[in-house]
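Undergrad: Sequence plus the predicted model coming up.
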Amino acid sequence: MNNVTDQELLRDFAGCKSEAAFAELARRYVDLVYSAALRMVRDTHLAEDVTQGVFIALAQSARQLADRPILSGWLHRTAQNIAANTVRSEVRRHTREQEAAAMNELLGNEPDATWEMISPHLDAALGELEEADRDALMLRFFERKSAREMAALLGTSEEAAQKRVSRAVERLREFFSKRRLAIGVGGLAALISANAVQSAPIGLAATISAAAMAGIAVQTSTFITATKTIAMTTIQKSIIVAALAAVAGTGIYAAHQSAQLRSQIETLQRQQSPLAARIQELQGERDDATNQLAGLLAENAHLEANSNETELLRLRGEVTRLENQQDDPTAAAAKTLMDKVNRLKQRLAETPDARIPEMQFLTDQDWLSAANCALDSDMDYRKALASLRAIAQGKFASMLHDALGKYLQANNQQFPTDLSQLQSYFASPVDQDILDRWEITSPSTVPNVGVGSLGIITEKAAVDEIFDNRNVVGADGSGAVDFLTTETESQLSQVMKVYMAANNGQQPVDVSEVLPYATTPEQKAAVQKMILKNSK
């Protein structure tokens, strides 16, 4: 059956319930789905059952999917939904203390440090990609298709298929870069290719196929119902309960987001600590060289007075060597970075509207991180200042989440109605001008973040609507989206529909391509802002 397409297999299964057809589909994609589930739930037994839930959903939707050209993207999205709703359904049954203890046990060290940092965020990043970009990545790195095979499935040329993959990898790199996970495009592609798909447990595909053929009716939105209909031993069920206790409490996306700030700070400290140590070392070397230089100059004057010309020439050469030693390239690089920090601070002083009160939480390391980029244009400065604000807002969001958790525990899980109610729950009092920038609102105000159903706390407005992130805090965690996406999503969606209708359903390679299809001033403004945001 290797030469039979996914679509033919789906039609065969939907039409005559062919067990062989579904078994082949399970064989083709079980590793992909299992790997995604394992990254999201961080437990092998739970990942197996999430995988079963995905293929049961595939069996139920086979007829509707029979004409879908690329199946892997749908499978990945379904795995995200089932995993997220599975954990959310169990959150109310476990306390935060149980969650924290179990999470610490589950989060073991991976053999590759870089993969360990990006792996927990990979599936959230894939979920933010446009469908065409996600399909291209699935074909290239998860199904390991050649450029020719990709082109045939995508209905485009090999060059266009490769370009789409490159664009999608760059989007992933930008996603990780915003979260202070620095990695190059080539390295990211290599890591995904090497680690994204792992072998599923032996026999899982056969179990999935048997469950589907048995006509198991399940709701793919909840994993609990699925576990009631899939045959498992008592010990397997007890393992699932223990695994759920380990990961319940935030939801997959919210759990990643609540841990994200701590991960960013730790990564930043690891990146900047060597530089700070090197700067301190160079300063010590400079002081030693200065002291040696002063001593040699004094000895030089003494010898010059005694007309010892040979020794005088030798000492003059030593003086020259020590002066040159102070021009060490590493010291020059450190000095350049400090100069850029000073320039960034000067720009902030000249544009006080760019400052927010949360910046009082910034450290010297934060300034070094924000200044470690080009500062050649106004756009560069806007991005650097937005980065500073993002770090400061993220730190306060973490403090806010801790205070909110204490408030909910003390008030029978009732969400506050005014931010002043949280003041006594902070580790130290928070300035009122900080609280004035945030508001309590409905979760629907900032959709697709999923940090709590009771209510959310978010920033009221952006300082720079193009480059600023919007932090969101809820009972289940914290997260961030950019202001531009939430404010222009409706307008961009309308323009995109017109573009795709005029281009046989194809999505644009670059956002600038949709500008001619914007008809209203609001649509044109939204597209222009997105073009500006994506500019280098």
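TA: Right, received. Where do you want to start?

Undergrad: Can you tell me how far S72 is from E131?
TA: 11 Å (CB to CB, to the nearest Å). C-beta here means a position set from N, CA and C on the backbone, and glycine is covered the same way.

Undergrad: which of the two has more neighbours?
TA: Higher neighbour count among S72 and E131: S72, with 21 against 12, using other CB atoms under 10 Å.

Undergrad: Excluding covalently adjacent residues, which one is nearest to that one?
TA: Closest residue to S72 apart from its sequence neighbours, by CB to CB, 6 or more residues apart in numbering: M138 at 3.7 Å.

Undergrad: can you pull the contacts of the one you found?
TA: 32, 70, 72-73, 76 (CB atoms under 8 Å, 6 or more residues apart in numbering).

Undergrad: Which other helices and strands does the helix or strand where M379 lies contact?
TA: In this structure, M379 sits in helix 378-410 according to DSSP states H and E. If contacts are counted by 3 or more CB pairs under 8 Å, 6 or more residues apart in numbering; DSSP states H and E, helix 378-410 sits against helix 252-305, helix 329-350, helix 364-371, strand 456-459, strand 469-474, strand 477-482.

Undergrad: and with 6 Å instead?
TA: If you count contacts as 3 or more CB pairs under 6 Å, 6 or more residues apart in numbering; DSSP states H and E, helix 378-410 packs onto helix 364-371, strand 469-474.

Undergrad: Throw those into a markdown table and include mean neighbour count and mean pLDDT, thanks.
TA: Shown next, in a markdown table, are these (neighbours: other CB atoms under 10 Å; pLDDT from 0 to 100):
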| stretch | mean neighbour count | mean pLDDT |
| --- | --- | --- |
| helix 364-371 | 20 | 88 |
| strand 469-474 | 26 | 90 |
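
Undergrad: Out of these, which gets nearest to G53?
TA: strand 469-474 (25.6 Å; CB to CB).

Undergrad: Give me the sheet partners of the closest one and which way each runs.
TA: Counting by DSSP bridges, the strands paired with strand 469-474 are strand 456-459 (antiparallel), strand 477-482 (antiparallel).

Undergrad: Deepest-packed of those strands, please.
TA: strand 456-459 (a mean of 25; mean count of other CB atoms under 10 Å).

Undergrad: Report the mean confidence score over that strand.
TA: Averaged over strand 456-459, pLDDT sits at 93.

Undergrad: In CSV, list the C-alpha atoms belonging to that strand.
TA: Output of strand 456-459 as CSV, limited to C-alpha atoms (Å, rounded to 0.1, in the frame of the first residue of the first chain):
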residue,chain,number,x,y,z
ILE,A,456,-8.0,37.6,32.8
ILE,A,457,-5.8,40.5,33.8
THR,A,458,-4.1,42.2,30.8
GLU,A,459,-2.5,45.5,29.8
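
Undergrad: hang on, the earlier thing: redo the helices and strands packed on helix 378-410 as TSV? Include distance to F22.
TA: Below are these laid out as TSV (distance: least, CB to CB, whole Å):
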stretch	distance to F22
helix 364-371	50
strand 469-474	39
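
Undergrad: Report the separation between R39 and E130.
TA: The value you get for R39 to E130, if CB to CB is used, is 21 Å.

Undergrad: Look at those two and report which has more neighbours.
TA: R39 (23 against 14).

Undergrad: ok, now which ones touch the more buried one?
TA: 119, 123 (CB atoms under 6 Å, 6 or more residues apart in numbering).

Undergrad: Confirm that it sits in a strand.
TA: No - counting by DSSP: H, G, I helix; E, B strand; the rest coil, R39 falls outside a strand, being helix.

Undergrad: Just the pLDDT for it.
TA: Value for R39, per-residue pLDDT: 93.

Undergrad: Over to D327?
TA: 56.

Undergrad: now S177
TA: Reported pLDDT for S177: 83.

Undergrad: what's the answer for the one 10 residues further on, then?
TA: Here the pLDDT value assigned to G187 is 76.

Undergrad: Show me what whatever helix or strand it lives in is packed up against.
TA: For G187, the host element (DSSP H and E) is helix 185-195. In terms of contacts (3+ CB pairs under 6 Å, 6+ apart), helix 185-195 is packed against helix 158-178.

Undergrad: swap the cut-off to 10 Å and go again
TA: helix 113-128, helix 158-178 (3 or more CB pairs under 10 Å, 6 or more residues apart in numbering; DSSP states H and E).

Undergrad: Show me what that helix is in contact with.
TA: With contacts defined as CB atoms under 10 Å, 6 or more residues apart in numbering, helix 185-195 is touched by 35, 39, 110-112, 114-119, 122, 125-126, 137, 140-142, 144, 165-166, 168-170, 172-174, 176, 181, 183-184.

Undergrad: residue ranges with poor pLDDT in this protein?
TA: 1, 86-112, 206, 209-276, 289, 293-294, 296-331, 448, 485-487, 535-536 (pLDDT under 70).

Undergrad: Would you tell me which of the strands paired with strand 469-474 gets closest to A334?
TA: strand 477-482 (30.8 Å).

Undergrad: now the helix or strand that the closest one is followed by, how far from the centre of its chain.
TA: Following strand 477-482 in sequence order, the next helix or strand is helix 483-502 (DSSP H and E). For helix 483-502, the separation from the chain centroid amounts to 23 Å (computed by CA atoms, centre = their mean, to the nearest Å).

Undergrad: what angle sits between helix 483-502 and strand 477-482?
TA: 60 degrees (axes from the mean of the first three to the mean of the last three CA atoms, to 10 degrees).

Undergrad: which other residues reach the helix or strand just after helix 483-502?
TA: Counting by DSSP H and E, the next helix or strand C-terminal to helix 483-502 is helix 521-534. Here helix 521-534 makes contact (CB under 10 Å, 6+ apart) with 171, 174, 379, 382-383, 465-467, 482, 484-485, 487-496, 498, 510-518, 520.
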